[in-house]
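Colleague: A structural model of the following input is requested.
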Amino acid sequence: MSQGEGIADWIAERMKGFPVEAHDPAEGLPLQVVPYGAAEVQAALEVLLSTWVTMGREVRAFEAEWAAWCDAQAGVMVNSGSSANLVALAALVHCGRLSPGDEVLVPAVAWSTSLFPIAQLGLVPVLVDIDPDTLCVSVEAARAAMTPKTRGVVVVHLLGQPAPIQPFLDLGLTVLEDACAAPGAEIHGRRVGAQGAMGTFSFFFSHHLTTIEGGMIVTDDAELADAARSLRAHGWVRERSDADALAAANPEIDRRFLFVTAGWNLRPTELAAAFGRQQLKRLDAWLDQRQRNHQGWCAALAPLSPRIRCFPEQPGQRHAAMAFPMLVGPGVDREALKAALEARRIATRPISGSNLARQPAFEHLPTARVAGPLPNADAVHERGFFVGNSHAFGPGHGALLQDALKEFLDGR
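Modeller: Now for the predicted structure:
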């Protein structure tokens, strides 16, 4: 036996039982279980042993594999989903699809970094209300919020729920899909992410697929992809498809240090990409189980309506089921309910950033505005929460959740 085989066997033994594929509901309902195993550890070790650990071959391979999985022409990996949003919006500005001063619509219920990069790039964020049946951006509210300055929209596929895309394209808006929590979500058989101008994904530890920290941009637009490659890495030309032409146009500058845009250092590592490539092999089966959980849990909790409301999969869509959001009905004490669930080892969290217009940080975005009342976002802010979902959960976890909710509600 070679030394390498011995190490591989040792890793397999140490990681026995991981990733967790069948979690015991007797242990509660956590937000996440350990989602990686020996294959990911071995891939990361191989990168370390190669000594090429910064962005390189593994990143390029993962970008190509992820883009193909999303049915997109190009993938650009970055160090987080938040960075993906920043780089994608910056690419849209750099390529003239959006300009400073343009208004960009964004749902009031989203993650903070679905909103902040809009203002950081000199665009004008306009918060609009959400649809009460999906918790995603309301087309009607967005249409009512539009002015002659409205040019774009950030469509957030919230917690795996596909948001409408085509209606915004029909309005002539530049669409950025924030699919950070929705890999594998579908609308009429098409995966989200590559339906707008650009799409973004997060590979944080608690998401469907993890690179520990990491993110990805996908697009069918070669110009936008090249801009994103420069913007994530100092503004240089190295990974661009047009690098040869740019170098030829600037012969007096060493192409290794040739900068053609502004930029940041938001690059991923080879370790993260190697991790992600192994995770991608698991993703389809994991998504199937998450979807089954979502469907089963919605059915099990239906009798608790209207005291507990959940959000079933919509016709013609596939829910990616990152988490399981709920709203309590009038008269139900949300905080007391969350405490009761936590006592049963059922972890809870707010629904994303809830109503971002009510977050203190919103006061530090002087150009941002709120378009009209936000009753549905307020409902989420005041009455919403979510519990975890996972490929390792099943009917027993749904039964645990149902029993805990009924126990609380029957005691009131």
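Colleague: Now do the contacts for the residue most central in space within the chain.
Modeller: For the chain, residue 180 is the residue whose C-alpha lies nearest the centre (Cα atoms, centre = their mean; 1.0 Å). Neighbouring residues of residue 180 by Cβ atoms under 8 Å, 6 or more residues apart in numbering: 81, 84, 85, 111, 114, 200, 201, 202, 207, 215. To be clear about C-beta, it is placed using only N, CA and C from the backbone, and glycine gets the same treatment.
Colleague: Please repeat the previous calculation with a cut-off of 7 Å.
Modeller: Contacts for residue 180 (Cβ atoms under 7 Å, 6 or more residues apart in numbering) come out as 81, 111, 200, 201, 202.
Colleague: Could I get these in CSV, plus columns for pLDDT?
Modeller: Below are these laid out as CSV (pLDDT from 0 to 100):
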residue, pLDDT
81, 98
111, 98
200, 99
201, 98
202, 98
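Colleague: So of the residues you listed, which two are at opposite extremes in space?
Modeller: Maximum pairwise distance among the contacts of residue 180 (Cβ to Cβ): 12.7 Å, between 111 and 201.
Colleague: The two: who's more crowded?
Modeller: A direct count of neighbours by other Cβ atoms under 10 Å for residue 111 and residue 201 places residue 201 higher, at 28 against 19.
Colleague: so the more buried one, which of the three states?
Modeller: Assigned with DSSP: H, G, I helix; E, B strand; the rest coil, residue 201 falls in the strand class.
Colleague: For the nearest residue to it once chain neighbours are set aside, the count of nearby residues, please.
Modeller: Residue nearest to residue 201 in three dimensions, not counting chain neighbours: residue 216, with 4.6 Å by Cβ to Cβ, 6 or more residues apart in numbering. Residue crowding around residue 216 was assessed by other Cβ under 10 Å; the count is 30.
Colleague: so residue 216, which of the three states?
Modeller: Assigned with three-state DSSP, residue 216 falls in the strand class.
Colleague: what is it paired to in the beta sheet?
Modeller: Beta-bridge partners of residue 216, counted by DSSP bridges, are residue 77, residue 201.
Colleague: show me the contacts for it.
Modeller: Residues near residue 216 by Cβ under 7 Å, 6+ apart: 66, 75, 76, 77, 84, 201.
Colleague: Kindly recompute the last result at 6 Å.
Modeller: 66, 75, 77, 201 (Cβ atoms under 6 Å, 6 or more residues apart in numbering).
Colleague: Also residue 250?
Modeller: Each residue near residue 250 by Cβ under 6 Å, 6+ apart is listed here: residue 258.
Colleague: Ramachandran coordinates for it?
Modeller: With angles defined as degrees, to the nearest 10, residue 250 sits at phi -130, psi 60.
Colleague: Number of residues surrounding residue 341?
Modeller: Residue 341: 22 neighbours (other Cβ under 10 Å).
Colleague: What helix or strand is it located in?
Modeller: In this structure, residue 341 sits in helix 334-343 according to DSSP states H and E.
Colleague: Now do that helix: which elements does it pack against?
Modeller: Contact partners of helix 334-343 among helices and strands, from 3 or more Cβ pairs under 6 Å, 6 or more residues apart in numbering; DSSP states H and E: helix 395-410.
Colleague: Counting residues, what is the longest helix that this protein contains?
Modeller: helix 270-301 (DSSP state H).
Colleague: C-terminal to that helix, what's the next element?
Modeller: That would be, after helix 270-301 and using DSSP H and E, strand 308-309.
Colleague: Give the rounded mean pLDDT of that following strand.
Modeller: For strand 308-309, the mean per-residue pLDDT is 98.
Colleague: Pairing partners for that strand, with directions?
Modeller: Applying DSSP bridges to the sheet, strand 308-309 is found paired with strand 323-328 (antiparallel).
Colleague: sorry, back to before: now do the residue nearest to the centre of the chain against residue 156, distance only.
Modeller: 8 Å (Cβ to Cβ, to the nearest Å).
Colleague: Compute the mean per-residue pLDDT across stretch 376-387, please.
Modeller: Mean predicted lDDT for stretch 376-387 stands at 98.
Colleague: My error: substitute stretch 205-219 in the last question.
Modeller: Averaging pLDDT residue by residue across stretch 205-219 gives 97.
Colleague: Can you measure across it, start residue to end residue?
Modeller: Taking Cα to Cα, to the nearest Å, stretch 205-219 runs 24 Å from one end to the other.
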